[in-house]
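Visitor: Predicted structure and sequence below. I'll ask about it afterward.
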Amino acid sequence: MSAPLELVHVSAHAKVNLFLRILARDRAGWHQIETAFALLELGDELEVRRMAAGVDLEVDGPDLGPVDENLAVRAARVMLEATGGRFGVAIRLVKRIPVRAGLGGGSADAAAALHAVNALSGHAVPRHELLHFAAKLGADVAFCASGAPLAVAWGRGERLFRLPAPPATPVLLAIPPVQVATPDAYRWWDEANPSPAPRGPVVLDAESFATWGSIGRLGGNDFEAPVFGRHPELRALYERLAATGPIWVRLCGSGSAVAAAYKKERERDDAAQRLGERHQALIKTMTRTE
């Protein structure tokens, strides 16, 4: 029998929402959505080391707030409990995904922590149970834990249907200084839609996601109107990015980042040069296909 692993490294990739529709609110007050997630090459890195007991967190990057509220820490504790509490872990998180930008950084870290602790346990938790834990931790965690580069999602985002990813394409992320908390974005949408009419899902098929041109025709992001209404500077950023000739451009989740996809790296790089970084940070990345 091989010795148990003592250390694992896991990448935690950012996501973008290719489109996002808010369908309704259920009786519990949760918003039901329809969206499509795609993974980016941009990602955080987690180094997870076995120790005697407990969960420690070291962050190489911005202050992420109280340790007990960190999603990666919560995920590690869930998995340690599921595997019998036989050991603890020390997590070193290298943070590259901007926070409160709609790029799913916290969810990606949680998913990576689930997989890392499970690897240290000798994969004691079956995949279907791990994905169940992911869905309970947060709406985006299930997608990040699934390993899918692209998936359509419903419910709160935890009901997933995996699809083949379109060819990898260059992406430019524009990160403004303002941050948007997801609960605030939902509240602004509620205020603008006090009695929303029920909306059924649109008809989707695999061909809709086969090319970036077809993805661009799927629709917009329902967060754009309320978030842009509260932050006109984000609308201006969106319009500046749209003017650079991308094949797809959207607010990332509930914001505040804006993402654009281009046919060629040269077009993306030219767009970055046109925008500059005086009013926003820029990150060049690619979509993932696996």
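Guide: Happy to help now that I have it. Numbering: from 1, shown residues only.
Visitor: Can you tell me how far the most centrally placed residue in the chain is from residue 93?
Guide: The structure's the chain has its C-alpha centroid closest to residue 104; by CA atoms, centre = their mean the separation is 2.6 Å. Using CB to CB, to the nearest Å, residue 104 is found at 15 Å from residue 93. All C-beta atoms are positioned from the backbone trio N, CA, C, and that covers glycine.
Visitor: Just after whichever strand or helix holds residue 40, pick out the following helix or strand.
Guide: Assessed by DSSP states H and E, residue 40 sits inside strand 31-51. Counting by DSSP H and E, the element after strand 31-51 in chain order, helix or strand, is strand 55-60.
Visitor: Can you give the strand pairings for that following strand, parallel or anti for each?
Guide: strand 88-94 (parallel) (DSSP bridges).
Visitor: Pull the strand it pairs with out as PDB, backbone CA atoms only.
Guide: Taking Å, rounded to 0.1, in the frame of the first residue of the first chain, the C-alpha atoms of strand 88-94 are listed here in PDB:
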ATOM      1  CA  GLY A  88      -5.700  18.600   9.200                       C
ATOM      2  CA  VAL A  89      -4.400  20.800   6.400                       C
ATOM      3  CA  ALA A  90      -2.300  24.000   5.900                       C
ATOM      4  CA  ILE A  91      -3.400  25.900   2.900                       C
ATOM      5  CA  ARG A  92      -1.200  28.400   1.000                       C
ATOM      6  CA  LEU A  93      -3.300  30.400  -1.400                       C
ATOM      7  CA  VAL A  94      -1.700  32.400  -4.200                       C
END
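Visitor: ok, and what's touching it?
Guide: Under the contact criterion CB atoms under 8 Å, 6 or more residues apart in numbering, strand 88-94 has outside partners 44-61, 64, 72-73, 76, 80, 109, 113, 116-117, 120.
Visitor: Tell me the first helix or strand C-terminal of the lowest-mean-pLDDT helix or strand in the chain.
Guide: The weakest-scoring helix or strand in the chain, judged by mean pLDDT, DSSP states H and E, is helix 212-215 (a mean of 90). The element immediately downstream of helix 212-215 (helix or strand, assigned by DSSP H and E) is helix 224-230.
Visitor: Just the residues contacting that next one, thanks.
Guide: By CB under 8 Å, 6+ apart, helix 224-230 touches 180, 185, 188-189, 191-192, 234-235, 238, 250-251, 254-256.
Visitor: In strands, which of these fall?
Guide: With strands defined by DSSP state E, the entries of the contacts of helix 224-230 inside them are 250, 251.
Visitor: quick one: the strand holding residue 40 to strand 55-60, angle?
Guide: Angle, strand 31-51 to strand 55-60, by axes from the mean of the first three to the mean of the last three CA atoms, to 10 degrees: 100 degrees.
Visitor: And strand 31-51, what's buried?
Guide: Buried positions in strand 31-51, judged by neighbour count with 16 or more other CB atoms under 10 Å: 31-40, 42-50.
Visitor: Domain ranges for this structure, per the record?
Guide: Per automatic domain parsing, the structural domains of the chain span 7-162, 170-286.
Visitor: how far is the last one from where the chain is centred?
Guide: Average the C-alpha atoms of domain 170-286, do the same for its chain, and the two points are 13 Å apart (CA atoms, centre = their mean, to the nearest Å).
Visitor: contacting residues for residue 114?
Guide: 75, 76, 78, 79, 130, 133, 134, 137, 141, 145.
Visitor: change it to 7 Å
Guide: 75, 79, 130, 133, 134, 145 (CB atoms under 7 Å, 6 or more residues apart in numbering).
Visitor: Now, these that are in helices?
Guide: 75, 79, 130, 133, 134, 145 (DSSP state H).
Visitor: Neighbour-wise, which one of those leads?
Guide: Neighbour tally across the ones in helices among the contacts of residue 114 (other CB atoms under 10 Å): the maximum, 30 neighbours, falls on residue 75.
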